[in-house]
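S.K.: need a structure here:
(one chain, ligands or ions: 1)
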Amino acid sequence: MTVRDCRILNVPKIGSLMGNLSFIESGRPIPFAIRRTYWIYDVPGGEDRGGHAFRSLKEFVVALSGSFDLTLDDGMQTRVVTLNRSYFGLYIPNLIWRRLENFSTNAVAMILASEKYSEADYLFDYSEFLKVKGEVGV
Ligand code: TYD
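M.R.: I've put the predicted structure just below:
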């Protein structure tokens, strides 16, 4: 898994004079079954979220409102992706270190996840993350 495997995916958008509607289903456009949804909001100016990786969890992140930056790190390369529209999102495979930062006022990050919450799936320590990457060979 490299930062190149993190992909921007468009979400269907039904536009009309009454406004827009977008939707996501398991497998469309995200390549996993959704087992959990959570959202991050009311982030005070200058605060970051994330700062960890997951052993097996895959996620899809959408800026439902406002904007923020996602910094992705595969241990070799980093990449920064700005999310600022609700009709596309970022697919993040497992074993990618991520940080969410530069939240605008009223930003809402919605995250669809491939598994239920499991603290054991987190890699909180960057050197542990590099070790696991080396062992898994991805
Ligand atoms: P965490 O994943 O560290 O948030 P972030 O990466 O955005 O900084 O989670 C913060 C806290 O919320 C932590 O105590 C675990 C808890 N939590 C749940 O109970 N369920 C969940 O689905 C998530 C994502 C977090």
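
S.K.: can you give me the pLDDT of the spatially most central residue of the chain?
M.R.: Compute the mean C-alpha point of the chain, and by C-alpha atoms, centre = their mean the closest residue is V61, 3.8 Å away. V61 carries a pLDDT value of 98.

S.K.: dig out what it forms beta bridges with.
M.R.: V61 has the following beta-bridge partners by DSSP bridges: L90, I111.

S.K.: ok, now how distant is it from R99?
M.R.: With the distance defined as C-beta to C-beta, to the nearest Å, V61 ends up 12 Å from R99. Every C-beta, even on glycine, is put in place using the N, C-alpha and C of the backbone.

S.K.: for the protein, what lies in contact range of the ligand?
M.R.: Proximity of the chain to the ligand is confined to 36, 38, 40, 49-50, 117 under the rule C-beta under 6 Å from any ligand atom.

S.K.: ranges for the strands of the protein?
M.R.: According to DSSP state E, the chain carries its strands in the segments 7-10, 13-16, 19-22, 25-26, 29-30, 36-40, 49-54, 59-65, 68-73, 78-83, 88-92, 97-101, 108-113, 122-123.

S.K.: same list (the ones you listed) but as a markdown table, adding distance to K131.
M.R.: Formatted as a markdown table, these follow (distance: least, C-beta to C-beta, whole Å):
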| stretch | distance to K131 |
| --- | --- |
| strand 7-10 | 26 |
| strand 13-16 | 42 |
| strand 19-22 | 39 |
| strand 25-26 | 32 |
| strand 29-30 | 29 |
| strand 36-40 | 27 |
| strand 49-54 | 12 |
| strand 59-65 | 22 |
| strand 68-73 | 15 |
| strand 78-83 | 18 |
| strand 88-92 | 20 |
| strand 97-101 | 13 |
| strand 108-113 | 24 |
| strand 122-123 | 9 |
